[in-house]
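> fold the following.
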Amino acid sequence: MKVQIDSGRCQGHGRCYDIAPRVFGEDGEGYGSVPGDGSVPPGDEREARLAVASCPERAITLTEGE
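Here you go, the predicted structure:
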C-alpha cells in the first residue's frame, strides 16, 4: 500500500500526520508530506485509510497492493 499527497489540494489541516504519524509528515510550512516513496509501514494500514478518509480536501491518494 502506498499514499501520495496532492500538494495543490492540501490546505495544511494536519489531520493526516496527526492520525498516522508513521505514514505522513509535515513540511516546513505545516502542509502534509509523505516520507520516502509513500509506502505504508506494516501495521499502519488502518491509520493510513483513516487519514485518507479524514482529509477535508481529499488530497490523499491511496494505492492498494504495492
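
> and Thr61, which of the three is it?
strand (DSSP: H, G, I helix; E, B strand; the rest coil).

> from Arg49, how far out is the residue lying closest to it once chain neighbours are set aside?
Excluding its sequence neighbours, the residue lying closest to Thr61 (Cβ to Cβ, 6 or more residues apart in numbering) is Gln4, at 4.7 Å. Quick note: C-beta positions are derived from backbone N, CA and C, even for glycine. Using Cβ to Cβ, to the nearest Å, Gln4 is found at 14 Å from Arg49.

> comparing those two, which shows the higher neighbour count?
Arg49 (19 against 13; other Cβ atoms under 10 Å).

> just to check, that one is in contact with Ile60?
No - with contact defined as Cβ atoms under 8 Å, Arg49 and Ile60 do not form a contacting pair (9.9 Å).

> make sure the residue nearest to Thr61 is indeed in a helix.
No - counting by three-state DSSP, Gln4 is not part of a helix but strand.

> residue ranges with poor pLDDT in the protein?
Applying pLDDT under 70 to the chain flags residues 66.

> so the closest residue to Ala20 other than its chain neighbours versus Gly28, what's the distance?
Of all residues beyond its chain neighbours, the one nearest Ala20 is Glu47 (3.8 Å), with distances taken as Cβ to Cβ, 6+ apart. Per Cβ to Cβ, Glu47 is found 24 Å from Gly28.
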